[in-house]
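Colleague: Sequence first, then the predicted structure:
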Amino acid sequence: MCEIIFRFGGSIDKFMGDSIMALFGLTEQKKDDLERAIACSVEMQRAMLEINSENSKQGYPRLFMGIGINTGAVVAGHLGSELHHEYTVIGDEVNLASRIEAYSLRGQILLSDRSRTLADDYIEVGEPNQVLVKGKQVPVTLYELLSTSRPRYLEVPRVESRRSPRIEVDFPISFQPLKDKAVSAQSYAGRAIDLSYNGLQAHLPIKLQLLSDIRITLYTSLMSEQSSHIYAKILDCEKQQDSWLSRIEFTGIDDAGQAAIKTYIDQAVGRR
């Protein structure tokens, strides 16, 4: 990923856990800064196809990456103290870029409304999606990048959230919403009605914000106690009579849990 960023003229500000913060137009602003940032993001997602192809050959799990892009004015400089300082950027636009990335699903590239407007002549995007982000009083509009025509035509690889069989189930679950990446102490009960390798549908007692994060506990014999906790995102939430029918995508599950779900589904499909 670093090689791709440098190839498109970007600079790496820092590594944050499993994230990379990249900047375009930091020391010298150019007219095509956003154009190169967008093309870079597509190439990074295309590179994930090669990584996952090799992972499959080696028997390793697939990896997924989400990318958020924002455009705006920032404060840049050497920040810190005599003991430690670094050249970096700060400001509301930096924070917004981080919030946008947090809403990205597997393989997605999300653009802020400003980035989408500035690049409107050469990109294709999906339907707008309004979300509430920390630090903003009003909803922020996000756009999923589908393709760009500069500097050449590049299409974002499509990663389906349910690339697997899907079976009907009926078992209880509990879930806890996440706030600022911390698991809430409040737990709610729901009921799963269908299951795939990468997600499930469930009736939940409350409405959850689109693309919000939760931690799920599956109460079923297919999961061990160690692998019952799964992190997931809410893809949609539809009001039913006395519940909210929610489509949920897994975003964090250990190998044992993933293998148990696959075995459970494969056996159910084999009995049809």
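Modeller: Done, it's in.

Colleague: ok, now how distant is Ala232 from His85?
Modeller: In this view, Ala232 and His85 are 39 Å apart by CB to CB, to the nearest Å. Quick note: C-beta positions are derived from backbone N, CA and C, even for glycine.

Colleague: Those two: which is more packed in?
Modeller: Counted by other CB atoms under 10 Å, Ala232 and His85 do not tie: Ala232 has more neighbours, with 23 against 11.

Colleague: and the more buried one, what is it in contact with?
Modeller: Contacts for Ala232 (CB atoms under 8 Å, 6 or more residues apart in numbering) come out as Gly199, Asp213, Ile214, Arg215, Ile216, Ile248, Glu249, Phe250, Thr251, Gly252.

Colleague: can you map out the strands along the stretch 151-272 of the chain?
Modeller: 154-155, 166-179, 182-183, 188-196, 199-204, 213-218, 229-239, 244-252 (DSSP state E, counting those that start in this stretch).

Colleague: thinking again about what came up before, now the contacts of Ala232: which count as buried?
Modeller: Buried subset of the contacts of Ala232 (neighbour count, 16 or more other CB atoms under 10 Å): Gly199, Asp213, Ile214, Arg215, Ile216, Ile248, Glu249, Phe250, Thr251.

Colleague: with those in mind, which one is nearest to Arg158?
Modeller: Glu249 (14.5 Å; CB to CB).

Colleague: ok so, going back, could I get the strands of the stretch 151-272 of the chain as JSON lines with distance to Asp32 and mean pLDDT?
Modeller: Shown next, in JSON lines, are those (distance: least, CB to CB, whole Å; pLDDT from 0 to 100):
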{"stretch": "strand 154-155", "distance to Asp32": "14", "mean pLDDT": "94"}
{"stretch": "strand 166-179", "distance to Asp32": "37", "mean pLDDT": "90"}
{"stretch": "strand 182-183", "distance to Asp32": "40", "mean pLDDT": "90"}
{"stretch": "strand 188-196", "distance to Asp32": "41", "mean pLDDT": "93"}
{"stretch": "strand 199-204", "distance to Asp32": "38", "mean pLDDT": "94"}
{"stretch": "strand 213-218", "distance to Asp32": "35", "mean pLDDT": "90"}
{"stretch": "strand 229-239", "distance to Asp32": "33", "mean pLDDT": "90"}
{"stretch": "strand 244-252", "distance to Asp32": "33", "mean pLDDT": "92"}
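
Colleague: With distance to Thr141 added, can I get the contacts of Ala232 in a markdown table?
Modeller: A markdown table is the format used below for these (distance: CB to CB, whole Å):
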| residue | distance to Thr141 |
| --- | --- |
| Gly199 | 25 |
| Asp213 | 20 |
| Ile214 | 23 |
| Arg215 | 28 |
| Ile216 | 28 |
| Ile248 | 23 |
| Glu249 | 21 |
| Phe250 | 26 |
| Thr251 | 23 |
| Gly252 | 27 |
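
Colleague: pretty sure Leu146 contacts Leu111?
Modeller: No. With contacts counted by CB atoms under 8 Å, Leu146 stays clear of Leu111, the gap being 10.6 Å.

Colleague: These two: which has the busier surroundings?
Modeller: Leu111 (27 against 14).

Colleague: Run a quick check on that one versus Ile69, I expect a contact.
Modeller: Yes. Between Leu111 and Ile69 there is a contact under CB under 8 Å: 5.1 Å.

Colleague: Now for the two: what residues contact both?
Modeller: Ile38, Ile100, Leu145.

Colleague: picking up where we left off before, now do the shared contacts for Leu146 and Leu111.
Modeller: Ile123, Val125.

Colleague: Cheers, nothing more for now.
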